[in-house]
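*Asks:* Give me a 3D structure for the following:
(chains A and B)
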Amino acid sequence: MTERIVELDVLRYDPEQHSEPHFQRYSVACQEEWVVLDALTAIKESIDPTLNFRWSCHMAVCGSCGMMIDGEPKLSCHAFLRDYPGVIRVEPLANFPIERDLVTVADDFFDKLSRVRPWLVEKQQQTLPGGEYPQTPAQLMKYRQFSMCINCMLCYAACPEIALQPQFIGPAAITLAHRFNLDSRDDGREARQQVIASHEGVWDCSFVGACSEVCPKAVDPAGALQQVKVASTIDWFREHLLPGAGK
Amino acid sequence: MSRRPFVRPVSTTRWYFRHPRYLRYMSREITCIFIGALAVLMLVALDRLSRGPAAWQAFIDALQTAYAAPFLLLILLFAVHNASSWFNVTPKAMPVQIGERFLPGSVMIAAHYVLWALVSLAVLWFAGVH
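*Replies:* Residues are numbered from 1 along each chain as shown, chains lettered A, B, ... in the order given. Below is the predicted model of the structure:
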């Protein structure tokens, strides 16, 4: 295993000491196969124990370790050091307030996520003896891609609309709403539409497509949002043009 | 331990310089100015047509001057950019599921280009270009 010295410029912010964030440079002895998260862990373990960052699984599943790496939203457990020549700039996810160092405040995202009811709203409460909810492979394929979201919030960091209009429900939350709307076992679309078809919902999206470009799980939130726009537009025409179709 | 989350400032006027993908997006959005110009030109054309053959011929002559040609070429370039960028994202907005599979995006995009070529040929045929 080859070892080399890697330099990282890490954005530091201690609310008790600093009026605003500043970069601090670290030189770390790293293994060739390490990811940025490994380098940060090495800093915390042997150079500077005051450095704060979130992580959990180290295998691109938990969605905790999202950061801006050289200006790009990335899972730091998925960003190999060998892909970054020169000094690596590490910052907290863009478009989120900084709690401390690389830790952001994600309350707003989780509030938006809960507003779209990202769970199965049953058509009818199924009793246990009633058995499971059957679903064909074709019905599963309809939403499967959108169910891969790990709530890592990289799409929120990439989305310029979120930066400019913070009230926007945003890519991941609307995508998860769409995922359940497409589920044959679900009956919650009407309630979700109140949130995602509103102005703060999908109509704040101008289809930049950055969310899909940075998504580490190939969920394609931009696609989901455009599909919601199409479905909501069809709803509108049905409601206003078809006799007897209005509520 | 006190909480004092720091909110980083965002430029509302220069944000699209932050990343090439934002510039790419703006290049698509800015085509609307040229598509709008084309729509105005079409309205003027209708107006001239309603004023009789002499007005129409004067309009056609004006379009063939050295000043108008680069403008029309620019509109064409931006219209092609606008159309192709929307063709390329159609599979995202309107995926077609056949059983357990989705129609490949490349097939949907290619179908748009074929349809575009056929419509263009039809327009040329009606315009008397044989």
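*Asks:* can you pull out the strands in chain B?
*Replies:* For chain B, the strands defined by DSSP state E cover B:97-98, B:101-102.
*Asks:* What of chain A?
*Replies:* A:3-12, A:22-31, A:66-69, A:72-75, A:88-92, A:98-100, A:103-104.
*Asks:* buried ones in the second one?
*Replies:* In terms of neighbour count (16 or more other Cβ atoms under 10 Å in any protein chain shown), strand A:22-31 has its buried residues at A:26, A:28, A:30. (Each C-beta comes from the backbone N, C-alpha and C, glycine too.)
*Asks:* which helices and strands does that strand pack with?
*Replies:* Packing partners of strand A:22-31 (3 or more Cβ pairs under 8 Å, 6 or more residues apart in numbering or on different chains; DSSP states H and E): strand A:3-12, helix A:36-46.
*Asks:* neighbouring strands for that strand, and are they parallel or not?
*Replies:* As defined by DSSP bridges, the strand partners of strand A:22-31 come to strand A:3-12 (antiparallel).
*Asks:* which residues are contacting the strand it pairs with?
*Replies:* Here strand A:3-12 makes contact (Cβ atoms under 8 Å, 6 or more residues apart in numbering or on different chains) with A:18, A:21-32, A:36, A:39-40, A:43, A:51, A:81, A:86-92, A:98, A:101-102.
*Asks:* give me that answer again for 6 Å
*Replies:* A:21, A:23-31, A:39, A:81, A:87-91, A:101 (Cβ atoms under 6 Å, 6 or more residues apart in numbering or on different chains).
*Asks:* and if you look at stretch A:111-128?
*Replies:* Contacts for stretch A:111-128 (Cβ under 6 Å, 6+ apart): A:169, A:173, A:176-177, A:185-188, A:192, A:195-196.
*Asks:* excluding its backbone neighbours, what's nearest residue A:116?
*Replies:* The shortest distance from residue A:116 to any non-neighbouring residue, by Cβ to Cβ, 6 or more residues apart in numbering or on different chains, is to residue A:177 (3.8 Å).
*Asks:* For chain A, what lies in contact range of chain B?
*Replies:* A:13, A:15, A:97-99, A:105, A:137-138, A:141, A:160, A:163, A:208, A:210, A:223, A:226, A:230 (Cβ under 6 Å from any Cβ of the partner chain).
*Asks:* Just the buried ones from these?
*Replies:* Here, 16+ other Cβ under 10 Å leaves A:13, A:97-99, A:105, A:160, A:163, A:208, A:210, A:223, A:226 buried among the residues of chain A next to chain B.
*Asks:* if we can go back for a sec, out of the strands of chain B, nearest to chain A?
*Replies:* Nearest to chain A among these is strand B:97-98; the distance by Cβ to the nearest Cβ comes to 6.4 Å.
*Asks:* Could you break chain A into its assigned domains?
*Replies:* Following automatic domain parsing, chain A resolves into domains at A:3-104, A:107-241.
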